[in-house]
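1. Sequence first, then the predicted structure:
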Amino acid sequence: MMRVHQQTTTKKRKIAYAFETGEKAGFEDLKKWIDNNYKRPAPVYSEVRKRCQNEKPSLLELCKSVLKQTIEERKASDDLAQERVELRNDQVTTFACEYIMIRIRMCFESTDAADNYIALQLASGLRQCEIFRDDLCEIRESAIPTHVVQFGQAKQRDGGQSFCMMKHIWELTGNEFVVGLARFRNQFKGHSTREISLWNQKLSRLTRFYFPLAFEGPSGTHINRTIYAALERHKDKNDGSTHSDPRVVQTCLGHTSMTTAPHYLHINVDEDGSWGPVAIIHDDKGNRHQFLQVPRRYEQSEEVAAELAEVCQCLISRGCELSKDNLHQIGFSWDTLAHSDLRHFMK
């Protein structure tokens, strides 16, 4: 996450320098940096050209002449991207279905917007821009309680306005999803790009916390869409379908072709898969109990207090010691515990 944030900051600085100097050397330095830091430089070139057209139109021709790929550079970029996809698929991570369902429900019921986003994306497989923008993607309830109807989609040549599909929703009902999505979108109306960028850093940290096994290779919240596709592939097989995995990925994520499917095949789900971060606590008889860890929060809030109360009652009900050491192992910070009187929960 920190590397991605530093990369974004450096990109802004490099672009600003090229625009300020207005010299070929500045754009050549920017191109070299982009080529070294992005597996697909072409979309970044396009982004810079659009900014140049809006902010420094007098430099647009210079920008276009430098920020372009030769045939050799394009081939090298494609080869590197292919190598990374192959490496990602060398080792498949398998999560337990039950764990994913629990995380969706917990994140959906959380008062934290980052948790809500993770729940919505895991449950639906929508892209980030589709979750944020009601003008791009409209979601309505359907007659089937486990589905919604999606109107509009990103990354379509016609703008996606003619796109329409029935989308399966995991763990949540269609009504819960539609209401939760509307509530989430209302929270971010009027927010600046910088505010959303800072929020994205928190979102990335949470995703890494919930699914650490999946981050040996790729990073970012794109993993949520991969997990959604894995759930759909698992359901498809259980339903007795004969579809191939790439075909399921294409249809459930609304892709125009199956060529991008290998990017979504390195995660599987089944009944016996791995859980996310857990703490093993022993009771007074030596029996092992497994607790889902909570993201370590350092602020004092009603949400943290509610989490703490729930976990304390869970420890007591399982016959485990209600100690600050056990609570810290589950995920609560020492600062939070220092401001909490555990005797209150022993009543």
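-> Sure thing, it's come through. Numbering: from 1, shown residues only.
2. low-confidence ranges in the stretch 51-200 of the chain?
-> For the stretch 51-200 of the chain, residues meeting the criterion pLDDT under 70 lie at 157-160, 190-198.
3. so where do the strands sit in it?
-> 93-96, 138-141, 147-151, 164-168 (DSSP state E, counting those that start in this stretch).
4. For N200, find the nearest of these.
-> Closest approach to N200 among the strands of the stretch 51-200 of the chain is made by strand 138-141 (21.5 Å; CB to CB). C-beta coordinates here come from the backbone N, C-alpha and C atoms, glycine included.
5. what are the pairing partners of the closest one, and which direction each?
-> strand 147-151 (antiparallel) (DSSP bridges).
6. Tell me what angle the partner strand forms with strand 164-168.
-> 150 degrees (axes from the mean of the first three to the mean of the last three CA atoms, to 10 degrees).
7. now what about strand 147-151, what contacts it?
-> 124, 126, 137-142, 163-169, 174, 177-178, 254 (CB atoms under 8 Å, 6 or more residues apart in numbering).
8. Export it to PDB, keeping only CA atoms.
-> In PDB, the C-alpha atoms belonging to strand 147-151 read as follows (Å, rounded to 0.1, in the frame of the first residue of the first chain):
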ATOM      1  CA  HIS A 147     -29.900 -10.800  -7.500                       C
ATOM      2  CA  VAL A 148     -29.900  -7.200  -8.600                       C
ATOM      3  CA  VAL A 149     -30.100  -5.700 -12.000                       C
ATOM      4  CA  GLN A 150     -27.100  -3.600 -13.200                       C
ATOM      5  CA  PHE A 151     -27.600  -0.900 -15.700                       C
END
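9. Could you give the separation of it from the chain centroid?
-> 20 Å (CA atoms, centre = their mean, to the nearest Å).
10. list the buried ones in that strand?
-> 147-150 (16 or more other CB atoms under 10 Å).
11. Next: stretch 304-313.
-> For stretch 304-313, using 16+ other CB under 10 Å, the buried residues are 304, 307-308, 311-312.
12. from the residues you listed, which two are the most distant?
-> Among those, V304 and C312 lie farthest apart (CB to CB), at 12.4 Å.
13. just to revisit the earlier point, quick one: the buried residues of strand 147-151 as CSV, columns for distance to N268 too.
-> Below are the buried residues of strand 147-151 laid out as CSV (distance: CB to CB, whole Å):
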residue, distance to N268
H147, 23
V148, 25
V149, 28
Q150, 25
